[in-house]
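K.L.:
Need the 3D shape of this:
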Amino acid sequence: MTDATTVLAPPPVDDEPAIAERIAKSVSCADGKVLGLDEFHRWFAACAERNYTVVERIPLDELAGWATHPVTGNIVHESGKFFTVEGLDVRLPDAAVPAWTQPIINQPEIGILGILVKEFDGVLHCLMQAKVEPGNRNGVQLSPTVQATRSNYTRVHQGKPVPYLEYFRDRSGDRRVVADVRQSEQGSWFHQKRNRNMIIEVASDVEVLDGFCWLSLGQVHALLHEEDVVNMDARTVLSCLPFAGPPDSSGMRDLLAWITEARTRTDVYADRIPLNEVSGWQRDGTAIRHESGRFFNVIGVDVRAGGREVRRWCQPMIEPIGIGVVGMLVKRIDGVLHCLMNARVEPGYVDVVELAPTVQCTPENYSVLPAAAQPPFLGELLAAGPAQIRYDNLLSEEGGRFHHALNRYVAVETAIDVPPAKFPDYRWLSLPQLTDLLRHSHYVNIQARSIVACLHSLDGTAAR
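P.N.:
This is a model prediction of the structure:
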């Protein structure tokens, strides 16, 4: 954990001021230099016809290649790889809900989420993939160049190699690091899950394989305003771009002290337990469900796919109940857009607390939780009028582990004051400050990274 008295020194990026300028130029290139958006949509529709999944829900007890451990009840893959579904015993003594148990995905291996970038006619373009995942409600979504777990790219499944992986594992030749940082994933559904978020620039020619295309950042940003097109993995990598150039250390010492204080004062006990010891959850052979009918289910699926390294497989998945709200209150302070961030505790985090959006919840879940658990500022977000809404879109979470996990991502401009004494876990941060934190691991959570990417896609002035 970073000492709060030390200002973060970012990982070195060659010629960093220039890369920020080049990123801004790519953002302003709305038409791209390789193919226009109309042509992209025709290409994307054709990919959706070739790349498909047929997903059939089946009982957990019938998952080929998976087994329920006879002692623990954990759901494990026969290879010992990929992931397991286990139990978690959580105790938060000072929280509105001080203790509970739940199923959770344990996937200790670190995957690669990587976007390859290259200049065309002096404009940076991203090599994006039309990728299908079994949990996507709409089949194909726009994904990073590489989106692969260690088990996938080491070919435990005995499928085809992951295209373009060599650009992210071999730094030889003209390959230049733009971003390289390990980031967390959903701390309520994963136990300490991390992925390596990478952006690598190359100058030499790159063969464009079927299912891949070059897009400017301006084009990708336009697609972020279309419902459920750009997937979660692309959004988290895009958020790690060094939009703001060299970091501004002003206020960073105080900010780090605030985060460290939140991590230090919060007692969290999260212990892995056998899945058959979780209480309040019921397994009937078909699925695992909470007795209230809320939160999420653990289901089994049989998948047949086209355009994937493997044509058929089975797996367990988490199926959320209801559509979530990921909301950010924003306002301009001295002319600079700021976001109201929440120092949030989730049991699956590596380091207790990460910065989350102002609101991150599924409203229906609170019907079975104490009133004190209601998230602050949810009313302000849901009651916002059209003139206040800066961004509003329905986007999916990761489709490889979650089945039809949808959130409404919304940014609402406000003028409210947030007194620190009343709301010690909330703080206004500028987008440049968030950009600085995103150069490092475990400061900004996955939902906040998604909405940061969306804010950068606004009118080009959001980060100023």
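K.L.:
G399 belongs to a helix, doesn't it?
P.N.:
No. With DSSP: H, G, I helix; E, B strand; the rest coil as the criterion, G399 is located in coil rather than a helix.
K.L.:
quick one: pLDDT of it?
P.N.:
Looking at G399, its pLDDT is 95.
K.L.:
Ramachandran angles for it?
P.N.:
When read as degrees, to the nearest 10, the backbone of G399 gives phi -90, psi 0.
K.L.:
Excluding residues flanking it in the chain, which one is nearest it?
P.N.:
In space, and not counting its chain neighbours, G399 is closest to E133: 3.0 Å by Cβ to Cβ, 6 or more residues apart in numbering. For the C-beta atoms, the positions are set from N, CA and C on the backbone; glycine is no exception.
K.L.:
Please pull out the lowest mean pLDDT helix or strand from the chain.
P.N.:
For the chain, the helix or strand with the lowest mean confidence is helix 150-153, at a mean of 68 (criterion: mean pLDDT, DSSP states H and E).
K.L.:
So for whichever helix or strand comes after it, mean pLDDT?
P.N.:
Using DSSP states H and E, the helix or strand that follows helix 150-153 in sequence is helix 166-169. Helix 166-169 carries an average pLDDT of 94.
K.L.:
who touches helix 166-169?
P.N.:
Helix 166-169 has contacts (Cβ atoms under 8 Å, 6 or more residues apart in numbering) with I112, G114, L116, T145, V146, R175, M198, I200, V202.
K.L.:
Bridging across strands, which residues link to the third one?
P.N.:
L116 has the following beta-bridge partners by DSSP bridges: L127, I200.
K.L.:
residues in contact with it?
P.N.:
So L116 contacts C126, L127, T145, V146, Y164, Y167, I200, E201, V202, V206 (Cβ under 8 Å, 6+ apart).
K.L.:
Can you give me the neighbour number for the residue nearest to G399?
P.N.:
For E133, the tally of surrounding residues (other Cβ atoms under 10 Å) stands at 25.
K.L.:
pLDDT score for it?
P.N.:
Listed pLDDT for E133 reads 94.
K.L.:
K118 too?
P.N.:
pLDDT, K118: 98.
K.L.:
pLDDT weak spots in this structure?
P.N.:
Applying pLDDT under 70 to the chain picks out residues 1-17, 151-159, 245-250, 459-464.
K.L.:
Strands of the stretch 351-464 of the chain, start to end?
P.N.:
Here the stretch 351-464 of the chain has its strands, by DSSP state E, counting those that start in this stretch, at 353-356, 359-361, 389-396, 406-413, 426-430.
K.L.:
Make a markdown table out of these and add distance to G306.
P.N.:
As requested, those are arranged in a markdown table below (distance: least, Cβ to Cβ, whole Å):
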| stretch | distance to G306 |
| --- | --- |
| strand 353-356 | 37 |
| strand 359-361 | 34 |
| strand 389-396 | 20 |
| strand 406-413 | 24 |
| strand 426-430 | 43 |
